[in-house]
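Chemist: What follows is a predicted structure for the sequence shown.
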Amino acid sequence: MINKNDYKNVYVFAEQRGGVIQPVALELIGKARDLAEALGEKVVAILAGYNVEGLIPTLFEYGADEVVVTDHIELKDYLTEQYAQSVYQIITAMRPNIVLFGATTIGRDLAPRLSARLSTGLTADCTKLEISEDKQLMMTRPAFGGNLMATIMCTEHRPQMSTVRPGVMPKRDPEPGRTGSIVRFETKFDHSKIRVRLIEEVREEKNKVDITEAKILVSGGRGVGCKEGFAKLQELADVLGAEVSASRAMVDAGIMPHDRQVGQTGKTVRPDLYLALGISGAIQHLAGMEESGYIVAVNKDKFAPIFNVSDIGIVGDVNKIVPLLAERLKKEMQK
């Protein structure tokens with residue numbers, strides 16, 4: 001049996017890529033503040049990379065009380081074993097109560113390896129984190145294809161570990177000038193276990209903005225129906241300076257790629273304006289967009305659940321309304 005009293009503080013893996021802190025890390029630091037305050041503990045950010053000390057002030061400004069930084073040439077690019085060794089050594093030395101990771105490609109690769117090495121549990125793709133009355137972390141995530149929400153607790157092992165989807169937790173406003181303590185940690189690498197080296201990095205050129213970072217989203221569902229329908233949505237998006245996203249049905253149909261999917265099994269978004277076009281509003285989709293700033297819905301079914309969360313609802317055929325809306329907006333913007 002472990003002594004749980006030996007494990008303190010809420011740690012966040014501050015994911016950075018190319019010297020840029022990823023938005024999900026700042027979101028998690030904000031949530032970690034809530035958890036730490038409920039526990040009476042500190043928020044600690046783990047920063048791993050090469051020449052990354054310049055990122056430390058940002059972590060303080062967004063809510064970290066302490067930053068544990070490990071800066072080494074081996075950590076210049078993300079490679080699983082190097083990062084796993086480094087973060088594992090930090091966790092075993094520091095004994096955190098809770099460790100949070102973003103449910104990104106890196107977080108989903110790193111967190112399960114660490115949980116296995118630490119012999120503790122990991123709850124993946126969480127959408128909600130709370131502290132129970134007996135000071136345990138309650139981790140809620142969709143289960144059975146998003147048809148129900150399961151709350152999971154890790155009562156017998158430490159640390160309690162979770163990956164959290166980007167965009168789920170609101171980012172706190174930064175406090176310029178806020179400071180904290182810095183711990184510089186020296187990782188001792190076991191090179192005999194490092195069997196993968198990065199030879200070359202080839203980046204895919206992307207012209208589209210990640211939908212989790214878009215200010216305006218034009219989102220289509222079954223009512224849009226086909227690629228030609230989504231071409232009309234793209235025209236509307238171009239007028240608004242928006243990105244196009246979709247419901248799961250359109251992704252499953254092969255009309256839109258998975259990185260454009262909004263919902264429990266896709267991405268959680270919080271744009272200033274969300275246009276739900278031909279989307280009925282299944283609970284799985286609502287979970288991914290209901291905290292948008294302003295929601296405009298168009299659907300032929302006046303009883304569609306999407307109207308329960310929309311600020312403006314239009315009952316009608318989306319394929320007739322979208323071209324009219326795009327044309328009207330063009331005229332208004334030309335004035």
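Modeler: Done, it's in.
Chemist: Once you drop chain neighbours, what's closest to residue 304?
Modeler: residue 280 (4.8 Å; CB to CB, 6 or more residues apart in numbering). To be clear about C-beta, it is placed using only N, CA and C from the backbone, and glycine gets the same treatment.
Chemist: now residue 268
Modeler: residue 167 (4.0 Å).
Chemist: check contacts around that neighbour.
Modeler: Contacts for residue 167 (CB atoms under 8 Å, 6 or more residues apart in numbering) come out as 24, 27, 212, 267, 268, 269, 270.
Chemist: And for residue 118?
Modeler: 88, 91, 92, 159, 161.
Chemist: Compute the distance between it and residue 104, please.
Modeler: 20 Å (CB to CB, to the nearest Å).
Chemist: Surely residue 233 touches residue 278?
Modeler: No - using CB atoms under 8 Å, residue 233 is not in contact with residue 278, being 9.1 Å away.
Chemist: Looking at these two, which has the bigger crowd around it?
Modeler: For residue 233 versus residue 278, neighbours defined as other CB atoms under 10 Å are more numerous around residue 278 (28 against 25).
Chemist: Excluding chain neighbours, what is closest to that one?
Modeler: Residue 278 sits nearest to residue 223 (CB to CB, 6+ apart), 2.2 Å away.
Chemist: Endpoint to endpoint, stretch 47-54 covers what distance?
Modeler: Stretch 47-54 has its terminal residues 11 Å apart, counting by CA to CA, to the nearest Å.
Chemist: Okay, buried residues for it please.
Modeler: 47, 48, 49, 52 (16 or more other CB atoms under 10 Å).
Chemist: got a list of what the second one touches?
Modeler: When contacts are counted by CB under 8 Å, 6+ apart, residue 48 is found next to 13, 69, 70, 75, 83, 86, 87.
Chemist: ok, and the closest non-adjacent residue to residue 54?
Modeler: Nearest non-adjacent residue to residue 54 (CB to CB, 6+ apart): residue 19, at 7.7 Å.
Chemist: contacting residues around that neighbour?
Modeler: Taking CB under 8 Å, 6+ apart, one finds 49, 51, 52, 54, 55 in contact with residue 19.
Chemist: what do you get for residue 212?
Modeler: Per CB under 8 Å, 6+ apart, neighbours of residue 212: 23, 166, 167, 267, 268, 269, 270.
Chemist: out of those residues, which are inside strands?
Modeler: Judged by DSSP state E, strands contain none of those.
Chemist: average model confidence for stretch 278-291?
Modeler: Per-residue pLDDT values over stretch 278-291 give a mean of 87.
Chemist: Kindly provide the distance from residue 107 to residue 154.
Modeler: Taken as CB to CB, the span from residue 107 to residue 154 is 17 Å.
Chemist: So for residue 146, what's the pLDDT?
Modeler: Reported pLDDT for residue 146: 63.
Chemist: Repeat that for the one 10 residues further on.
Modeler: In the predicted model, residue 156 carries a pLDDT score of 89.
Chemist: State whether it is indeed within a strand.
Modeler: No - applying DSSP: H, G, I helix; E, B strand; the rest coil, one finds residue 156 to be coil, outside a strand.
Chemist: residues in contact with it?
Modeler: Residue 156 neighbours (CB under 8 Å, 6+ apart): residue 2.
Chemist: Can you give me the domain boundaries for this protein?
Modeler: 4-193, 211-334 (automatic domain parsing).
Chemist: Output those domains as a markdown table; include the columns distance to residue 201.
Modeler: What follows is the domains of the chain, written out as a markdown table (distance: least, CB to CB, whole Å):
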| stretch | distance to residue 201 |
| --- | --- |
| domain 4-193 | 7 |
| domain 211-334 | 20 |
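Chemist: With respect to residue 203, which of those domains lies nearest?
Modeler: Proximity to residue 203 (CB to CB) singles out domain 4-193 among the domains of the chain, at 9.6 Å.
Chemist: gap between the two ends of that closest one?
Modeler: First-to-last residue span, domain 4-193, CA to CA: 31 Å.
Chemist: Stretch 16-26 too?
Modeler: Stretch 16-26 end-to-end distance (CA to CA) = 11 Å.
Chemist: Tell me if I'm right that residue 131 and residue 137 touch.
Modeler: Yes - with contact defined as CB under 8 Å, residue 131 and residue 137 form a contacting pair (6.5 Å).
Chemist: Name the residues contacting each of those two.
Modeler: With CB under 8 Å, 6+ apart, residue 131 and residue 137 have common neighbours residue 35.
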